[in-house]
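Student: this is a predicted model, with the sequence first.
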Amino acid sequence: DVKVTQSSRYLVKRTGEKVFLECVQDMDHENMFWYRQDPGLGLRLIYFSYDVKMKEKGDIPEGYSVSREKKERFSLILESASTNQTSMYLCASRPQVFDSPLHFGNGTRLTVT
Amino acid sequence: AQKVTQAQTEISVVEKEDVTLDCVYETRDTTYYLFWYKQPPSGELVFLIRRNSFDEQNEISGRYSWNFQKSTSSFNFTITASQVVDSAVYFCALSEARRDDKIIFGKGTRLHILP
């Protein structure tokens, strides 16, 4: 079974802090994704990565950056956390095949105070 | 433009009732895949089914069944004899061959199965 692991289940950070959300997958998947989930808005794509050191902006990249130095790890960075970034963050991975389903981690619920 | 619409925001049914979750999609691509995911209270989205645009056969898996109709651009999901464990948020999603990065999700339907 594919395992996608997000380092924290719950995080509480202060406004202005730099926040790192980590995601690791163990199936050598090329593609990795970061989504945020908010009530009534569903899942919105923040960033995705085709492969190591490759990244593309999704629908809502403002205020975020990403890093993919190794194939198994995809980090989401909030350069200066703001209260409107309080949300559930979901990481996902899949092989480089468009018909493959996404494999999700169990999410990180981030609260920015 | 690509779009996935799940018009039902929230549904409540009594255990053992049948329930259908609607999904309507828009795409200009002729080659695409549709997916359903389940998100239980634990939070992790779990893949349920995938259907490609060239295969309109309905599928049944235990109490779950899916009805894909290209004529109405719909991919509906039915749970027969619902159980409390079916309570979750269900997402429909679209993946197009020409934009394999762009997986479009609906906003989800929250399903409550009442004992």
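Tutor: Perfect, thanks for sending it. Everything numeric in this text was worked out from a predicted model, so none of it was measured.
Student: from here on, contacts and neighbour counts on C-alpha atoms
Tutor: Fine.
Student: A helix includes A:N84, no?
Tutor: Yes - the assignment for A:N84 (DSSP: H, G, I helix; E, B strand; the rest coil) places it in a helix.
Student: okay, now it: neighbour count?
Tutor: As a burial measure, A:N84 scores 10 neighbours (other Cα atoms under 10 Å in any protein chain shown).
Student: can you tell me the closest non-neighbouring residue to it?
Tutor: Of all residues not flanking A:N84 in the chain, A:V112 sits nearest, at 7.8 Å (Cα to Cα, 6 or more residues apart in numbering or on different chains).
Student: and for B:Q6?
Tutor: In space, and not counting its chain neighbours, B:Q6 is closest to B:C23: 5.0 Å by Cα to Cα, 6+ apart.
Student: can you report how many residues neighbour A:D59?
Tutor: A:D59: 11 surrounding residues under other Cα under 10 Å.
Student: give me the spatial nearest neighbour of it, chain neighbours excluded.
Tutor: In space, A:D59 is closest to A:L45, 5.4 Å off (Cα to Cα, 6+ apart).
Student: tell me the bridge partners for A:F20.
Tutor: Under DSSP bridges, the beta-bridge partners of A:F20 are A:I77.
Student: per-residue pLDDT of it, please?
Tutor: As predicted, A:F20 sits at a pLDDT of 97.
Student: how far away is it from A:I60?
Tutor: According to Cα to Cα, to the nearest Å, A:F20 and A:I60 sit 17 Å apart.
Student: just give me the neighbour total for residue 61.
Tutor: You didn't pick a chain, so chain A it is. Residues near A:P61, counting by other Cα under 10 Å, number 16.
Student: wrong one, chain B
Tutor: 10.
Student: pLDDT weak spots in chain A?
Tutor: Across chain A, the ranges flagged by pLDDT under 70 are A:1-2.
Student: actually, chain B.
Tutor: Using pLDDT under 70, the flagged stretches of chain B are B:99-101.
Student: near chain A, which residues of it?
Tutor: B:32-33, B:35, B:42-47, B:50, B:52, B:95-97, B:100-101, B:105-108 (Cα under 8 Å from any Cα of the partner chain).
Student: kind regards, and thank you for your time.
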